[in-house]
Structure formats: structure tokens, C-alpha cells
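Novice: okay, here's the prediction I keep looking at, along with the sequence it came from:
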Amino acid sequence: MSIRLVPNNLIDRAAWDQCVSQSVNGTIYAYSWYLDLVCDSWDALVEGEYEIIFPLPHRKKFGINYLYQPFFTQQLGIFSIRHLTPGIVDAFLEAIPRKYLLVEINLNTFNRPSAFKYNLIENQNFELDLIEPYENLRLNYAQNTIRNINRARRNQVSIAGNAQPEDIVSLFRNNTGRKFKHITDNDYKRLIRLIYECLHNRKAICYGAFTKENTLCAGAIIVFSHRKAIFLFSGTNEIARNNGAMSLLIDHFIKNFSGNHLTLDFEGSNDANLARFYSSFGSTRVTYPSIRLNNFPSIIRFGIKMAKALRGKLTKNTSTKF
């Protein structure tokens, strides 16, 4: 294979986006405009005339170059217009420049490298095929989910598809987001810019759940790409956690888009409570790998291991939900 490193300023964005569009495993996360919004910097590994591509989001800290997983991109990795074999995945991973001393990235469901070569972590996702009529899909709901939907209706919760992005982000930030001190003001601003770009491209809907007093209590950003509706971001407050608003919101979406060749991608999660919630709509569990590479010299590697043991992990897998 002829894999080459292409700096960001030399990437042919038209060819790149055409590859993403035609890829067997394409996703909105991989489009150049999306990467430009969520990454500090990114370069790429490219094979041929952009038949296979691999974005490399990178940062530099304390003089160390490293690859990282940007917020709001659950899966990246290698994208191809033809079938991806473990050999192809291995070749791209081996082509990652050695200057990146630390690599902590998520690949995608179609990227299956040789497990014995790499330190792989399997992550879980949940997906619901919406091709069936709503009545059939509802039959697979858990009883607790049906109770939550009925509770929301009794509380006169209403759903609208024109909520303001800033309001949904604030809902998360002022509630669940308080636990995640490492999400910065800049991250939230970046998210809002991303949502508006998706809205501009007609690739997003901002759903809001409102109390009978017309107060926003739950919200969700759903983005569309490659026959998938991705549950990108959401927020709730204490009222919503008691009145079943989020269950009603998701049920509303499923009802509106049922009977279509579309998959609702819940975008996770490894968190047991969120996993239980997503699976309660009859969704199917799927997995994708994360890869960790440590290219530090042995003595530095040992020091890092000891430091992590003392301080805990330096990087965190954050769920920007609820």
C-alpha cells in the first residue's frame, strides 16, 4: 500500500469529503468541515487518490506530540470506499508517525486490527433500526420506558423540534456538566458552533421537552448522516429526571421517523446506567475499538505508568449526555 502523511493545509478537502460520503463506513464525524470545528489541529494518512483516509487529530503539551479523540466524535479511525481488512487497518496504524509519543483514539465499528498487536479496548454503542412501523418498534420497549413515557404525558410534557442550541447546552452544563470540570468554556463554544453548522447544512434537529409551564427540562441534538440519526448531545434537569421527559422525547423521534431506512445511533455508552436506558428502547448493542499506543522510551513509559497510578488517568472518556 502507498500510505502518505498529508498535512492539514495540503488536504484535498473535496476529495476527502467525497471519500467520506462514499465510504462503506462513512459518518458525519469524518467530514473535513466537522473535523475543522471539533479539532485543535488534524493531519491525515491517505492511500491512493483518497480511496482510504485516516484523520489524525493531534495536540502538543509539554513538548510532547500526541493523538487524541476530540469531543463530539464518538468514532473516527479509517474510512474506505472499499472493504476494510485487518491487514489494511494494521498498515494504517503502523503508518502513524512516531513523533506522536502517545496515541489514544477511537477507531470505528468497521476497523478491526490484529488484536494481538495492539492494546485494544472494546467500547459499546446502541443502535435501533427504524425500518419497522412504530407500533412494532414500541413492542420492544422495556416496561419501565413505557411507564416513563406515560408519566411524561400525565405531566403534560410537550416535545418541539425547534429548541435553541444554547438552551440545550446550558441545560447540560448547569446539571450533569458540573461533574466534568475538564470540559472548558471553549469546548462548549465549539459545540454550539458545530450545532449551528449542522443546522445550516440541514443535518441536525434540536429537540426540546417542555413542562406544562413551557419551561425547557430536557433537550437533545440529533445529527443525520449516512442513513443514521446520531444522538449527539443532550441535557436534562432534575424536573426531567422525575417526569420521564427524555423517554418521551426519544419516543417522539422514533414515532416520527419510523418506517424509514434509518438507524437511530444512541452514541454509547460504556456507562451502565446510560447503556440500560438506551437498550430499553429495543436497541441492539454494537462495539467499536479504542487503541492506545505508547511510543515513549522505556524509562519514560515507566514514569508515566507510576504517575497514572498515583494521580489517576490524565484523559477521560466523557459522555456528553443528560
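Specialist: Sure, I can see it. Numbering: from 1, shown residues only.
Novice: pull the CA atoms of stretch 173-191 into CSV?
Specialist: Output in CSV follows, covering the C-alpha atoms of stretch 173-191 (Å, rounded to 0.1, in the frame of the first residue of the first chain):
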residue,chain,number,x,y,z
ARG,A,173,-23.8,22.5,31.6
ASN,A,174,-25.8,23.5,34.7
ASN,A,175,-26.7,20.0,35.6
THR,A,176,-24.7,16.9,34.6
GLY,A,177,-22.0,19.0,33.2
ARG,A,178,-21.0,20.2,36.7
LYS,A,179,-19.3,16.8,37.2
PHE,A,180,-17.0,17.3,34.2
LYS,A,181,-14.6,20.1,35.2
HIS,A,182,-12.3,19.3,32.2
ILE,A,183,-14.9,20.4,29.7
THR,A,184,-13.9,24.0,29.1
ASP,A,185,-15.7,27.2,28.0
ASN,A,186,-14.0,26.8,24.7
ASP,A,187,-15.4,23.2,24.3
TYR,A,188,-18.9,24.4,24.9
LYS,A,189,-18.5,27.3,22.4
ARG,A,190,-17.1,24.8,19.9
LEU,A,191,-20.1,22.6,20.4
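Novice: mean confidence score for it?
Specialist: Average pLDDT, stretch 173-191: 91.
Novice: buried stuff in that stretch?
Specialist: Neighbour counts using 16 or more other CB atoms under 10 Å place 173, 175-177, 183, 187-188, 190-191 of stretch 173-191 among the buried residues. From N, CA and C alone the C-beta is placed, and that goes for glycine too.
Novice: so of those residues, which ones are in helices?
Specialist: Counting by DSSP state H, the buried residues of stretch 173-191 place 173, 187-188, 190-191 in helices.
Novice: dump the residues you listed into TSV; add distance to Glu122 as well.
Specialist: Formatted as TSV, those follow (distance: CB to CB, whole Å):
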residue	distance to Glu122
Arg173	30
Asp187	26
Tyr188	30
Arg190	28
Leu191	27
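Novice: could you identify the most distant pair in those?
Specialist: Farthest pair in those (CB to CB) is Arg173 and Arg190. Separation: 13.2 Å.
Novice: so what pLDDT did the spatially closest residue to Cys39 that is not a sequence neighbour get?
Specialist: In space, Cys39 comes closest to Pro57 once its chain neighbours are excluded; the distance is 4.5 Å by CB to CB, 6 or more residues apart in numbering. Pro57 carries a pLDDT score of 98 in this model.
Novice: any idea how far Pro57 lies from Leu232?
Specialist: 17 Å (CB to CB, to the nearest Å).
Novice: look at the two and report which has more neighbours.
Specialist: Higher neighbour count among Pro57 and Leu232: Leu232, with 23 against 20, using other CB atoms under 10 Å.
Novice: surely the more buried one is within a helix?
Specialist: No. Leu232 is assigned strand when assessed by DSSP: H, G, I helix; E, B strand; the rest coil, not a helix.
Novice: picking that back up, for the residue nearest to Cys39, helix, strand, or coil?
Specialist: Under three-state DSSP, Pro57 falls in the strand class.
Novice: just say helix, strand or coil for Lys60.
Specialist: Assignment for Lys60 (three-state DSSP): strand.
Novice: quick one: contacts for it?
Specialist: Contact partners of Lys60, counting by CB atoms under 8 Å, 6 or more residues apart in numbering, are Tyr66.
Novice: partners of it in the sheet?
Specialist: Per DSSP bridges, the residues bridged to Lys60 are Asn65.
Novice: just give the nearest non-adjacent residue to the residue nearest to the spatial centre of the chain, would you?
Specialist: In the chain, the residue lying closest to the centroid (CA atoms, centre = their mean) is Gln74, at 2.6 Å. Distance criterion CB to CB, 6+ apart; nearest residue to Gln74, sequence neighbours excluded, is Glu267 at 5.0 Å.
Novice: please apply the same query to Asp40.
Specialist: Arg59 (5.5 Å).
Novice: what about the helices in the stretch 151-300 of the chain?
Specialist: Chain-ordered helices for the stretch 151-300 of the chain, with DSSP state H, counting those that start in this stretch as the definition, fall at 165-173, 185-200, 238-243, 245-257, 272-279, 298-311.
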